[in-house]
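# okay, predicted coordinates and the sequence, questions at the end:
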Amino acid sequence: MYNNQKIRKRIDWIDIGKGIGIFYVMLSHKEMGILAGHITSLFMPLFFFLSGCTFSIKDNDTFKTFLRRKSKSLVVPYLAISTLLYGIYISKFIIKFLLQHSSIQLNNFITPFVGYLYSVPFLYDIKKAKILGINNPNLVISTFNPFWFILCLFVMEIIFYFIVSTSKNKKQIIIKMVACAFTGYLINTFIIIQLPWSIDKALSSIIFLGLGYLIKNMNISPEIDWKKVILIIIFTIINITFYKLNSFVNISTREYGNYFYFYIAAISGIGIYIIISQVIAKKINILKKFFVFIGQNTFTLLSFHLITYSIVDKIFSILKINLEKIQNTIFYGAIYAVLTIIILLPVITVINKKVPWIVGKKVSSS
């Protein structure tokens with residue numbers, strides 16, 4: 001088995017990268033402005049890449065112990081948070097029924113429950129269903145929308161376990177990664193039904209996780225020099241060129257556009273943020289503290305940011321704050337994202353201290 005295991009502790013630049021990634025996720029659910037194409041081309045691949053940087057198979061790991069560990073860190077939190085959000089969703093209908101005597105349609109409960117178990121936004125491929133005239137209802141309530149990523153990552157790491165454990169060197173890992181990605185391409189091209197737990201998306205995106213795993217111990221100097229500046233410029237030009245050549249990208253709904261353009265835009269975008277994250281880690285302390293904090297609390301922010309957006313809406317409404325002038329700019333999304341992080345600070349604190357397992361963190365022994 002080829003094992004790339006040097007990283008044992010948390011690395012600041014990885015947390016910073018995750019922090020940038022979750023901030024972009026929050027922007028993508030509100031307003032991305034001029035950065036829309038750039039953000040959608042890379043924020044999910046960036047998460048998968050960073051997960052690869054921390055991926056490890058312990059010396060005493062069997063598949064059973066690995067599966068148990070990943071279930072605790074990903075599946076259990078998914079089930080816990082999803083059950084909580086589903087309970088809140090149902091309670092709204094019950095309260096409305098009790099207070100207003102409104103009718104309750106069973107479909108309002110069944111459809112999101114199916115989406116909760118199946119963990120995909122739509123049963124069918126969006127474009128193919130539209131062409132064939134197939135009814136393709138949204139299976140998830142809005143607060144569930146980001147959750148496909150959790151089980152997709154779980155499936156991806158299980159697949160990657162077998163890739164690593166059956167490979168003797170990097171070359172074999174790369175061949176198997178490419179084979180998985182090609183299988184994902186075939187599924188997305190010829191099968192209209194989206195697979196449960198985003199198996200199809202995991203196959204298509206495993207390239208990014210594998211890339212993170214293979215290069216995670218590469219030493220990059222934190223010093224800002226002309227080589228880094230040139231690299232960032234080159235990566236930025238490549239990213240902009242290929243995301244503009246490509247059509248809209250949304251991995252959650254299997255919208256990749258041109259696969260070649262998709263991979264090139266994503267990998268070049270990842271390159272940008274490897275350098276930026278490492279520079280921030282060593283040179284820009286204020287940004288480091290901010291992004292490390294949110295990077296270490298991505299699960300909580302992913303889980304509750306959409307609910308919190310509605311709270312921010314109400315605050316603006318009560319205070320009669322009008323943001324229409326900046327509504328189509330990235331500043332609008334950034335204001336919502338920052339306020340949401342501030343509002344969720346008490347939630348993050350309580351979860352980390354009292355029930356860390358609910359977001360996949362280890363329970364303190366103290």
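In hand now; what should we look at?

# isn't L195 right next to N188, touching?
No: using Cβ atoms under 8 Å as the test, L195 is too far from N188 to be in contact (9.8 Å). C-beta: built from backbone N, CA, C; applies to glycine.

# more neighbours: these two, which one.
Set L195 next to N188 and count neighbours by other Cβ atoms under 10 Å: N188 wins out with 21 against 18.

# CA atoms only: put stretch 247-264 into CSV for me.
The C-alpha coordinates for stretch 247-264 follow below in CSV (Å, rounded to 0.1, in the frame of the first residue of the first chain):
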residue,chain,number,x,y,z
SER,A,247,-20.9,26.8,-19.2
PHE,A,248,-22.4,27.1,-15.7
VAL,A,249,-20.9,24.7,-13.2
ASN,A,250,-22.8,23.2,-10.3
ILE,A,251,-21.4,19.8,-9.1
SER,A,252,-24.5,19.3,-6.8
THR,A,253,-26.7,19.0,-9.8
ARG,A,254,-24.2,17.3,-12.1
GLU,A,255,-23.6,20.4,-14.2
TYR,A,256,-20.0,20.3,-15.3
GLY,A,257,-20.2,21.8,-18.8
ASN,A,258,-17.1,20.7,-20.8
TYR,A,259,-15.2,18.3,-18.6
PHE,A,260,-11.8,19.4,-19.8
TYR,A,261,-12.6,23.1,-19.1
PHE,A,262,-14.1,22.1,-15.7
TYR,A,263,-11.0,20.3,-14.5
ILE,A,264,-8.5,22.9,-15.8
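
# buried sites along it?
By 16 or more other Cβ atoms under 10 Å, the buried positions in stretch 247-264 come out as 249, 251-257, 259, 261-264.

# can you list the residues that contact it?
40-41, 44-45, 120-122, 125-127, 145, 148-149, 185, 188, 194, 198, 200-201, 204-205, 207, 238, 242-243, 245-246, 265 (Cβ atoms under 8 Å, 6 or more residues apart in numbering).

# try 6 Å this time
40-41, 44, 121, 125-126, 148, 185, 188, 201, 242, 245-246 (Cβ atoms under 6 Å, 6 or more residues apart in numbering).

# ditto for stretch 288-301
Outside stretch 288-301, the residues that touch it by Cβ under 6 Å, 6+ apart are 12, 15-16, 18-20, 22, 280-281, 348, 351, 359-360.

# stretch 204-219 now?
Contacts of stretch 204-219 (Cβ under 6 Å, 6+ apart): 4, 6-7, 45, 48-49, 51-53, 55, 156, 160, 170, 177, 180-181, 184.

# centre of the chain to it, how far?
What separates the centre of stretch 204-219 from the centre of its chain is 16 Å, taken as Cα atoms, centre = their mean, to the nearest Å.

# leaving out sequence neighbours, find the closest residue to A334.
L27 (6.8 Å; Cβ to Cβ, 6 or more residues apart in numbering).

# most surrounded residue in the contacts of stretch 288-301?
Using other Cβ under 10 Å as the neighbour test, those are led by I16, with 28 neighbours.

# re earlier: quick one: pLDDT of the residue nearest to A334?
The score at L27 is 92. That number is its pLDDT.

# tell me how many other residues crowd it.
Applying other Cβ under 10 Å, I find that L27 has 21 neighbouring residues.

# I figured it hits I335, correct?
No: contact criterion Cβ atoms under 6 Å: L27 and I335 do not qualify, at 10.5 Å.

# tell me which residues in stretch 209-217 are buried?
Quick answer for stretch 209-217 (16+ other Cβ under 10 Å): 209-214, 216.

# over to stretch 293-308?
By 16+ other Cβ under 10 Å, the buried positions in stretch 293-308 come out as 294-306, 308.

# equivalent analysis for stretch 171-178, please.
Across stretch 171-178, burial judged by 16+ other Cβ under 10 Å covers 173-174, 176-177.

# just those now: which is nearest L84?
When these are compared for distance to L84 (Cβ to Cβ), M177 comes out closest, at 35.2 Å.

# and the pLDDT for that closest one?
Note on M177: pLDDT of 96.

# and it, what element?
Following DSSP states H and E, the helix or strand that holds M177 is helix 170-190.

# what's downstream of the lowest-mean-pLDDT helix or strand in the chain, the next helix or strand?
None of the helices or strands of the chain scores lower by mean pLDDT, DSSP states H and E than helix 107-118, at a mean of 81. Remark: after helix 107-118, the chain's next helix or strand is helix 126-132, criterion DSSP H and E.

# contacts for that next one, please.
With Cβ under 6 Å, 6+ apart, helix 126-132 has contacts from 136, 192, 253.

# how about that helix: buried residues?
Going by 16+ other Cβ under 10 Å, helix 126-132 has these buried residues: 128-129.

# and that helix, how far out from the chain's middle?
25 Å.

# what kind of secondary structure is the residue nearest to A334 in?
Under the three-state scheme (DSSP: H, G, I helix; E, B strand; the rest coil), L27 adopts helix.

# how much space is there between it and Y243?
16 Å (Cβ to Cβ, to the nearest Å).

# how's the chain carved up into domains?
12-291, 295-359 (automatic domain parsing).

# ranking those domains by mean neighbour count, which comes first?
domain 12-291 (a mean of 18; mean count of other Cβ atoms under 10 Å).

# that one: end-to-end distance?
Terminal residues of domain 12-291 lie 9 Å apart, using Cα to Cα, to the nearest Å.

# how about stretch 211-224?
24 Å.

# residues making contact with the host helix or strand of T40?
Assigned by DSSP H and E, T40 belongs to helix 36-54. The contact list for helix 36-54 (Cβ under 6 Å, 6+ apart) reads 14, 17-18, 21, 24-25, 28, 32, 153, 205, 208-209, 211-213, 216, 243, 249, 251, 265-266, 269-270, 273.
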